[in-house]
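Trainee: Sequence and computational prediction follow.
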Amino acid sequence: MSEYHFAEEEQRWQAFWVEKGIHHTPDDPERPTYYVLDMFPYPSGAGLHVGHPLGYIASDIMARYHRMRGYAVLHPMGFDAFGLPAEQYAIQTGQHPAQTTKENIKRYTEQLKKMGFSYDWSRTVTTSDPAYYRWTQWIFLELFNSWFDRDAQDGVGGARPINELIRHFEVHGTAQLRAACADDAPAFGATDWNGFNESERSEMLMHYRLAYLAEARVNWCPALGTVLANDEVKDGVSERGGHTVEARMMRQWMLRITAYSARLLDGLNDLDWSDAIKEQQRHWIGRSTGARVRFSLEKTGNSHEQEHAQGQGTDGTDGADGADRAYAVGDGADAVGDEHPIEVFTTRPDTLFGVSFLVLAPEHPRVMDLTLPAHQARVEHYVLQAQLRSERERMAEVKTVSGVPTGRYVINPLNGARVPIWVADYVLAGYGTGAVMGVPGSDERDWRFAQHFKLPIIAVVEGTDPEKGAESTRTARMINSDFLNGYTADDAIPLAIERLEQLGQGEGTTQYRLRDAIFSRQRYWGEPVPIAFGAHGPVAVDPSDLPLLLPAVDKYLPTEEGEPPLARAQDWTYRGMPLETTTMPGWAGSSWYFLRYMDPHNIEEFASRAKTDRWKQVDLYMGGAEHATGHLLYARFWTQFLFDRGCIGFREPFRRLVNQGMIQGVSAYMQRVRLPECSTHPKPSTRVLTETNKNGEPSTRVLTGTNKNGEPLRWECPSAYTNAWISAGLLIDGAEAAGKVSVDVGLVDQNRLNCAEWKQQETGPDAKDWLLMGENGFITAAGHAPHECSADELVFFTTPEVEKMSKSKRNVVNPDWVVDQYGADTLRMYEMFLGPLEDSKPWDTQGIEGVYRFLQKLWRMCHPGGQFSLEQGEPTDQEWKSLHKLLLKIGADIERFSFNTCVSAFMIAVNELQSMGCRKQAIIDPLVRALAPFAPHLCESLWQSMGMPDSVHLSAFPVGDPERVREDDYNYPIQENGKMRFNLNLPRAASADELQALVMANPRVHQLCGDRKPKRVVVVPGRIVNLVF
RNA sequence: GCCCAGGUGGUGAAACCGGUAGACACGCAGGACUUAAAAUCCUGUGACCGAUGAGGUCGUGCGGGUUCAAGUCCCGCCCUGGGUACCA
């Protein structure tokens, strides 16, 4: 029988769609818009594997579905083309990354086109294209030329041009200014400002710009001459090469994303994203509300402490012998010096009466100033140690308590108690004020610290047992807390803050975990930062001179002096001034690309306001959940910023986000064993026997073992081998396991290794000597050993393991291969059929047959005897019912992204129609239209055969009619005590009482009851009848 | 540790509002067609008891609970995957 030739048909219809331009984004302003976007892929050298298209297929179905429903659909694709892999390759080969990138993009594009996606390729963008990065640079300059006014937009805060800030400085200085700025930005008056020279002004403005230069702590790798990301550092050394990595302060471009903390957090509420992702972002931004509290320093002369009184610290071998004296309530007022107080941040100002120590981060700027001479050496040592320890090391010993006392004391602002100051690395410099108040009665870490150093533990809430641990509940009543006694935390916190504010010793505040983002990269393959350095500081490149093109360099490596690669460029200057040599990070280009697709060829603007107003946000954004806190947060930040500056009319980039799961690979592993020693004398323990050749050397030996069912096996193999690969489940007597090795999954079918093909691959010029042992014999590389069986005969099983699909695990399945074997429609439907879109699941090539057979079945249904032919008659009620049941299901399931159940529904419908022998066009036509988003090629083929106009993809998506599926009867399950016994066909229209009467009159029910009488009969019309005995 | 998602046949899974657990598909077994194979079609397929029947018992990670009824809701626990990491 003839069949559907997908290869020819798919090519034909892909060409047909291009010719008809059906994927072109319509400009038609009448129609509602729908913007479906896939996350920007990075075009890697390895090409796509079957895991990548999962999201693309789902989004393509949505794009096609919405087109058929009359929407103007924007469905673009492009490439996030700057990045490290291309640069690494360039360093190795000397080939310009632009060249590799171009080739990789070509490959990706071909792969994507082959799968029949309906992208509008005329809108494609590439971040490394100067026509694109010109606008990335332009947005950077806008950030550079903006500051964040906390009073803008009804007090929510927003970005404003830097010139407005300059005007404010000219008139008021920093007075009446509520701006996002560096912590150490000094206050000054208007006269000061007007007296500043140009360099000083430039420096002042740097504290306020949204893109600014600052010293930032980075992972510097001297051997590589570059800065590494946290995940490129493993165990204190670089992941590549294992070179040492040190923490180093470097001048970097930063983006003041922290200005937007509140907006980024609050904006999440209106987004239709998964709770998991929203939670991740919330946690990342990390808002905590509490108070800043200032602790005044006790005068040094007043210290009751002498030289060594305050404990020995770090190792904790001895406690604080002065600890009991360290905490003493007293009148601290006259003891207070005029030094700046120490400020801490706390979320629990209500527990202030429980403070028994204060801890500074080792990096806290005042540590050395405060430390008394007697403690100087040990504090210095501790601070140095903390600096040397990498973040990873600190992480590894979370439970270890360490710290040193400074010898100084502060005064508790609420009760005047003397409190010792310690330095400990459990306090982070980057969060809050870099100092905390230790409340061991109510905080677990403080409790461990106090316990370790024998500092007093004061209970401030009811139910605290200072011996056992901290009590952090917010619901218990306060004790030992003066005016707060009897209140719970929620009431006590505002009271405590009120008191602090009255005393001028603190105020309520909100703190965020989010840090400003380092923007500079010491790399070549990225957008150049359009800033030059003049005599008085950084100077922005004039926007009309953009793009600032990436210059040619002789090598893609840092200079000998450790300067970034751009420092190698000849004449890297702008109007005589040296240009910035760092480049932008990968997320620069991807933070705004969704806007460019709306107006990709605009040379006047990044996108016209008219176009962005028309398309607005992305209606559906499809991509992996791994971008939860990186890309998705940065893109939101840039969108908020562009909104503030009036460039676009909306605040959030992605209205709805759907995260597709990962498709994992099934790796095939072979076990390797070390064979027992050969011996001419059989050892009973290992049961190894050998034969000797004529020289008396062992030539063959007998190995014994069992298969996975425990049945004994025996091999006579050459003695020369000491190692063997063994089939799964085999046990060789006396052999030791010696690891495993993965085999290309292409050589494995249902865990059985294609030994002949494998042998061919493994016996190249550098073939190793190997021995492969299966249940029924063995083979060797040379293939001439006595007793060896043929590679075709050998039964050898590999052990499957589900893990991430990757080249190194040799478990990659290539979509091109699947398309060649089964066609794009089958690949598309199978990936959807695999399970819920958002779940991770392993790829199993076996299962694809089911979908393939389904498509062939539908085609054959329309081609009896190989010729296209459908019947014209009016369908029966049953036939209509099958169709409309399908249409109702598809309509509902597409809306909830349940594509796997859509595929089942199509299978069920076709099975039903087939068993009814239905080949009526009145049924097939809507079925084909409903299937078109899923299997676009086959449906186009059938559509054209039906003699329909245009394209199936320009037809209307069919809608199910509930009237057509209405049934008079419902097959009620009859239960006994909740257990299903049998079904009864009863009228759907019957009321509960009528149903009960019908059920109780039924002979089968009588039989079920016997002589028992139901205590109760539960009747739920349209659902169930339950007899309760 | 904390946050999030998940745990259902040999396998991928379905069951959307608490109402017939296992749809659909793979695989497997048997059959039809065929000289044969492929393709296709048909039948069976959670486990156990029973005779292969009628029928019954158990069964959605584990232990409790609510309910006429729990894969679904509540409490406690175990495991897997993702995120995060001394955040005051």
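Mentor: All right, it came through fine.

Trainee: So for stretch A:293-309, mean pLDDT?
Mentor: For stretch A:293-309, mean pLDDT is 67.

Trainee: Break down the stretch 101-250 of chain A into its strands, ranges please.
Mentor: Applying DSSP state E, counting those that start in this stretch to the stretch 101-250 of chain A gives strands spanning A:146-149, A:158-161, A:211-221, A:226-228, A:233-234, A:237-238, A:246-255.

Trainee: need the least confident one among the ones you listed, by mean pLDDT.
Mentor: Minimum mean pLDDT among those: strand A:233-234, a mean of 70.

Trainee: Quick check: the residue of the stretch 651-800 of chain A nearest RNA strand B.
Mentor: Using CB to the nearest atom of the strand, the closest approach of the stretch 651-800 of chain A to RNA strand B is made by A:Gln750 at 6.7 Å. Placement of C-beta: from N, CA and C, glycine included.

Trainee: Please identify the deepest-packed of the strands of the stretch 101-250 of chain A.
Mentor: Mean neighbour count, computed with mean count of other CB atoms under 10 Å, is highest for strand A:146-149 among these, reaching a mean of 24.

Trainee: Against which helices or strands is it packed?
Mentor: The contact analysis (3 or more CB pairs under 8 Å, 6 or more residues apart in numbering; DSSP states H and E) places strand A:146-149 against strand A:158-161, helix A:162-172.

Trainee: Take the ones you listed and lay them out in TSV including distance to A:Ser59.
Mentor: Shown next, in TSV, are those (distance: least, CB to CB, whole Å):
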stretch	distance to A:Ser59
strand A:158-161	32
helix A:162-172	39
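
Trainee: next SSE after the helix or strand where A:Glu831 lies?
Mentor: Secondary structure from DSSP states H and E places A:Glu831 in helix A:824-833. Sequence-wise, the next helix or strand beyond helix A:824-833 is strand A:841-842, with elements assigned using DSSP H and E.

Trainee: just to revisit the earlier point, with A:Leu37 as the reference, name the closest of the helices and strands packed on strand A:146-149.
Mentor: Closest of the helices and strands packed on strand A:146-149 to A:Leu37 is strand A:158-161, at 24.8 Å (criterion: CB to CB).

Trainee: Which one of the helices and strands packed on strand A:146-149 lies nearest to A:Leu954?
Mentor: A:Leu954 sits nearest to strand A:158-161 of all the helices and strands packed on strand A:146-149, at 43.6 Å, using CB to CB.

Trainee: Can you show me the CA trace of that closest one as PDB?
Mentor: Provided in PDB are the C-alpha atoms of strand A:158-161 (Å, rounded to 0.1, in the frame of the first residue of the first chain):
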ATOM      1  CA  GLY A 158      11.800  56.400  38.200                       C
ATOM      2  CA  ALA A 159      14.600  57.300  35.900                       C
ATOM      3  CA  ARG A 160      15.200  60.800  34.700                       C
ATOM      4  CA  PRO A 161      17.800  62.600  32.500                       C
END
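
Trainee: related to what we said a few turns ago, keeping just the C-alphas, turn the helix holding A:Glu831 into CSV.
Mentor: Output of helix A:824-833 as CSV, limited to C-alpha atoms (Å, rounded to 0.1, in the frame of the first residue of the first chain):
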residue,chain,number,x,y,z
ALA,A,824,9.0,17.1,10.9
ASP,A,825,5.3,16.6,11.6
THR,A,826,6.1,13.4,13.5
LEU,A,827,8.9,15.0,15.5
ARG,A,828,6.6,17.9,16.4
MET,A,829,3.7,15.8,17.5
TYR,A,830,5.9,13.3,19.3
GLU,A,831,7.7,15.9,21.4
MET,A,832,4.3,17.2,22.4
PHE,A,833,3.0,13.7,23.0
